[in-house]
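Student: build me a model:
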Amino acid sequence: MFVDFRTTDAATVIRCDICIIGGGAAGITLAQALIDSGIQVCLLESGGFEQSPDIQSLSDGKVAGLQNASPMACRLRYFGGTTNHWEGWCAPLHDIDFEPRSWIPNSGWPIRKGDLASYYKQAQEICQIGPFDFEADAKLDSAHDFPEFNPEKANIGFFRFSPPTRFGHAYRERLDKADNVTVFLYANTLTLDTNETASEVQTVNLQTLEGKTGSVKARIVVLACGGMENARLLLLSNKVQLTGLGNAHGLVGRFFMQHIEGIVARILSNDPEAIARNFKKYSQRGVDTRAEIALSERAQSKHRILNSGFTVNAHAERGSGYMELRKIWVELRKGQWPDDISDRLWTVLNDIKSVGDAIYKKDKFMVNLYIRAEPMPNAASRITLGNERDAFGQLKINVDWQLTQFDKHSIIQSIHRIAEEFGRLDMGRVELADWVMQANNKWPQPLWGGCHHMGTTRMSADKKTGVVDGNCRLHSVNNLYVAGSSVFPTAGYVPPTLTIVALALRLADHLKKLFHAG
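Tutor: Now for the predicted structure:
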């Protein structure tokens, strides 16, 4: 059932067994998995079924450090969350992503990929990519002649593409019909109140933009607000623990990560069309699929570097027009009419022309290597509370995305391994982009991070090195859990949605066992 919180009685107190805060991929998946469990569930969504500028403005914050970590540009505050602009890229994390790696400080999950195996299969159905073995099935496609890379350096991996699934639309009817689930729209969570030792959440405080207040009393509370807002809500809930809930060791908001994405090289080849043909999107079993070049685990270990993967793009290198188009889009999303829009659109149109020339004129056809790189967990990269306040008087966030020289070193070493294989197989020569070769820790501005916000409430076996345990429960709060990519201790390089869904399904099973045992 859906309820508009704005229309409920004054000073409403909602009572339930499990309160889920956030109606995105994690929250909707968790709520769905609890249908018919006998557990009374309420899901709190900040917005409605459509985007509202007033609600969206609640995500506003300042960006320091590397640009392109804007909460306003990436987060969506209405039912379905960021799946409402998700592009649908799906792949599981790799085995090595879960392992402690001696050359990567703060690496290692308290769970392994095998702990998610069955949940990944369920997640594939929820993300509408069908039953699929990412390790084997795509290689059986007879229409492609994938290169046989040396496994000491690289291998072929695959992405499957969700339609993409808009969770708010796809699963709205099922939640509406569920007897044990109530979704409250326009119910903004301001803070969590605890007992006097901050070991148990007692009240979830709510308010609408129109001024109506209310609260939730639940046995279990689950934060599913995304990689930025999960940390912000914990930091704002500081009545008892002054540094923020679960923040005794100063880790809430730290280790903020995004993927490092962009064109890193051009492939110079006598037959670029053949290379592009092998790596373009194709349909398999009715689902779009795309091959990638993945750095092998052996190469990562031998060269002591981070994980990364490459797709082959058949077009001209994105230039200033692409960046201008992104800036225009961000300004329009904020309700601001861009300055000098005529001149800026001309730059965009010129860039489009260069792409067309590259694709349709054989002498200008080129293929580029596009990297998706894992960032190193970095405590200096973080979410904090700023000095400005939102419409509720709540402190907005500051986002400080930081990368290191080791991140750049890993990217360069990864490209070298791929370039060696291109040469050995006579596929062409790899020419590195200028920004890759810039000295020290130099990065292009803005640097695209995929809007994949991770790591701010990291998972760990030890409360001194993380915020939540292997079951996603806060180390210091008995009845508070976190769902979503904020719990990722390391990021891998694949987009996080499939893993977010798998973790939410695993959390649902854990919570069912708790209630049935009780």
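Student: which SSE is immediately downstream of the one helix or strand Ala218 maps to?
Tutor: Using DSSP states H and E, the element containing Ala218 is strand 213-223. Using DSSP H and E, the next helix or strand after strand 213-223 towards the C-terminus is helix 229-236.
Student: quick one, that next one and strand 213-223 angle?
Tutor: 120 degrees (axes from the mean of the first three to the mean of the last three C-alpha atoms, to 10 degrees).
Student: contacts for the helix or strand following helix 229-236?
Tutor: Of the helices and strands lying after helix 229-236 in sequence (DSSP H and E), the nearest is strand 260-268. With contact meaning C-beta atoms under 8 Å, 6 or more residues apart in numbering, strand 260-268 is reached by 275, 310, 312-313, 317-318, 366-375, 403, 407, 411, 415, 419, 422, 427-433, 435-436, 444, 447-450. (Each C-beta comes from the backbone N, C-alpha and C, glycine too.)
Student: just the buried residues of those residues.
Tutor: 275, 310, 312-313, 317-318, 366-375, 403, 407, 411, 415, 419, 422, 427-428, 430, 432-433, 436, 444, 447-450 (16 or more other C-beta atoms under 10 Å).
Student: shouldn't Leu30 be within a strand?
Tutor: No. Secondary structure of Leu30 (DSSP: H, G, I helix; E, B strand; the rest coil): helix, not part of a strand.
Student: use 33 as the first number from now on
Tutor: Okay, residue one is now 33; in that scheme the one you just asked about reads as Leu62.
Student: surely it touches Ala256?
Tutor: Yes. If you go by C-beta atoms under 8 Å, Leu62 and Ala256 touch, sitting 6.5 Å apart.
Student: low-confidence ranges in the stretch 183-332 of the chain?
Tutor: Judged by pLDDT under 70, the stretch 183-332 of the chain has no weakly predicted residues.
Student: helix/strand/coil for the residue nearest the centre of the chain?
Tutor: Nearest residue to the geometric centre of the chain (C-alpha atoms, centre = their mean): His484, 3.1 Å. Under the three-state scheme (three-state DSSP), His484 adopts coil.
Student: ditto for Leu535
Tutor: Secondary structure, three-state DSSP: Leu535 is helix.
Student: that one: what's it in contact with?
Tutor: Applying C-beta under 8 Å, 6+ apart, the residues near Leu535 are 58, 148, 151, 504, 515-516, 519.
Student: quick check: Cys74 is in a helix.
Tutor: No. If the criterion is three-state DSSP, then Cys74 is strand and not within a helix.
Student: identify the residues contacting it.
Tutor: 46, 48, 50-52, 213-216, 248, 250.
Student: out of those residues, who's the most crowded?
Tutor: Ile52 (30 neighbours; other C-beta atoms under 10 Å).
Student: by contact count, what packs against the helix or strand containing that one?
Tutor: Assessed by DSSP H and E, Ile52 sits inside strand 44-53. Identification of packing neighbours for strand 44-53 by 3 or more C-beta pairs under 8 Å, 6 or more residues apart in numbering; DSSP states H and E yields helix 57-65, strand 73-76, strand 213-217, strand 233-239, strand 245-255.
Student: contacts for that strand, please.
Tutor: 37, 59, 62-63, 66, 71-76, 214, 216, 221, 236, 238, 244, 246-257, 265, 515, 543, 547.
Student: so how many other residues sit close to Leu512?
Tutor: Other residues close to Leu512 by other C-beta under 10 Å number 24.
Student: equivalent analysis for Gly189, please.
Tutor: For Gly189, the count of nearby residues is 21 (other C-beta under 10 Å).
Student: which one is it nearest to, not counting chain neighbours?
Tutor: Ala326 (3.9 Å; C-beta to C-beta, 6 or more residues apart in numbering).
Student: my read is that neighbour is in a helix, agree?
Tutor: No. Counting by three-state DSSP, Ala326 is not part of a helix but strand.
Student: so which residues of the stretch 83-232 of the chain form helices?
Tutor: 85-88, 103-106, 127-130, 149-158, 199-202, 204-209 (DSSP state H, counting those that start in this stretch).
Student: for the first one, buried residues please.
Tutor: Right, the one you point to is helix 85-88. Those buried within helix 85-88 under the rule 16+ other C-beta under 10 Å are 87-88.
Student: only C-alpha atoms, please: export it in PDB.
Tutor: Extracted C-alpha coordinates of helix 85-88, given in PDB (Å, rounded to 0.1, in the frame of the first residue of the first chain):
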ATOM      1  CA  PRO A  85      12.600  20.500  -7.700                       C
ATOM      2  CA  ASP A  86      11.800  21.300  -4.100                       C
ATOM      3  CA  ILE A  87      12.400  17.800  -3.000                       C
ATOM      4  CA  GLN A  88      15.500  17.300  -5.200                       C
END
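Student: now do stretch 541-550: everything it contacts.
Tutor: In contact with stretch 541-550 (C-beta under 8 Å, 6+ apart) are residues 49-50, 65-66, 69-71, 252, 254, 503-504, 513.
Student: residue contacts, Ser78?
Tutor: Ser78 makes contact with 54-55, 87, 90, 109-110, 218-221 under the criterion C-beta under 8 Å, 6+ apart.
Student: hmm, 10 Å instead?
Tutor: Listed by C-beta atoms under 10 Å, 6 or more residues apart in numbering, the contact set of Ser78 reads 53-55, 84, 87-88, 90-91, 108-111, 113, 217-221, 238, 240-241, 257, 261.
Student: quick one: closest of the helices and strands packed on strand 44-53 to Val272.
Tutor: Evaluated with C-beta to C-beta, these place strand 233-239 nearest to Val272, the distance being 10.4 Å.
Student: pull the distance from that closest one to the chain's centre.
Tutor: Here the centre of strand 233-239 is set off from its chain's centre by 26 Å, with C-alpha atoms, centre = their mean, to the nearest Å.
Student: what is that strand packed up against?
Tutor: strand 44-53, strand 73-76, strand 220-226, strand 245-255 (3 or more C-beta pairs under 10 Å, 6 or more residues apart in numbering; DSSP states H and E).
Student: quick one: mean pLDDT for the first one?
Tutor: In this case it means strand 44-53. Throughout strand 44-53, pLDDT has a mean value of 96.
Student: tell me how far it is from the chain's mean position?
Tutor: 26 Å.
Student: kindly report the same for the last one.
Tutor: Relative to the centre of its chain, strand 245-255 is centred 25 Å away, using C-alpha atoms, centre = their mean.
Student: just want the angle from it to strand 233-239.
Tutor: 130 degrees.
Student: rewinding a little: out of the contacts of Ser78, which are buried?
Tutor: When the contacts of Ser78 are checked for burial by 16+ other C-beta under 10 Å, the buried set is 53-55, 87-88, 90-91, 108-111, 113, 217-221, 238, 240-241, 257, 261.
Student: circling back: among the helices and strands packed on strand 44-53, which is nearest Leu338?
Tutor: helix 57-65 (25.1 Å).
Student: send me the closest one as CSV with only the CA atoms.
Tutor: C-alpha atoms of helix 57-65 as CSV (Å, rounded to 0.1, in the frame of the first residue of the first chain):
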residue,chain,number,x,y,z
ALA,A,57,17.2,-0.1,-5.8
ALA,A,58,18.3,-1.2,-2.3
GLY,A,59,15.2,-0.2,-0.4
ILE,A,60,12.7,-1.5,-3.0
THR,A,61,14.5,-4.8,-3.3
LEU,A,62,14.6,-5.3,0.5
ALA,A,63,10.9,-4.4,0.8
GLN,A,64,9.9,-6.8,-2.0
ALA,A,65,12.0,-9.6,-0.4
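Student: sounds good, over and out.
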